[in-house]
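A.B. asks: When you get a sec, could you give me coordinates for this:
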Amino acid sequence: MTEKTSPTANLDARGLFCPMPILKASQMLETLKSGEVLEVLADDPAAPSDFEAFAKRTGNPLLANEQSDGAYRFLLKHK
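C.D. replies: Just a heads-up that it's a prediction; the model follows:
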């Protein structure tokens, strides 16, 4: 699940563990306008399932869920 989209904002949540990456992403999404995209980098092993559940629960589409070199990259679009 990858979409070529330039993020509006970036959040480096590496080194943080559940629930902090989700909480920080939620706070940052609140500062964005509808349609803007947040890029989140995380290394918590639970992050992929956490961000999928977060996207479903909040209605903010998850545009990308990628893993590379032990880190995850997520793109969330503000609804």
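A.B. asks: quick one, helices of the protein?
C.D. replies: For the chain, the helices defined by DSSP state H cover 20-30, 47-58.
A.B. asks: Redo those as CSV? Include mean pLDDT.
C.D. replies: Below are these laid out as CSV (pLDDT from 0 to 100):
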stretch, mean pLDDT
helix 20-30, 97
helix 47-58, 97
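A.B. asks: Please name whichever of the ones you listed is nearest to Gly70.
C.D. replies: For the helices of the chain, the distance to Gly70 is smallest for helix 47-58, at 11.4 Å, taking C-beta to C-beta. Placement of C-beta: from N, CA and C, glycine included.
A.B. asks: picking up where we left off before, turn the helices of the chain into JSON lines, columns for mean neighbour count and distance to Asn65.
C.D. replies: Below are the helices of the chain laid out as JSON lines (neighbours: other C-beta atoms under 10 Å; distance: least, C-beta to C-beta, whole Å):
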{"stretch": "helix 20-30", "mean neighbour count": "17", "distance to Asn65": "13"}
{"stretch": "helix 47-58", "mean neighbour count": "16", "distance to Asn65": "6"}
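A.B. asks: Kindly reformat those as a markdown table and extend each row with distance to Pro7.
C.D. replies: Shown next, in a markdown table, are those (distance: least, C-beta to C-beta, whole Å):
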| stretch | distance to Pro7 |
| --- | --- |
| helix 20-30 | 11 |
| helix 47-58 | 14 |
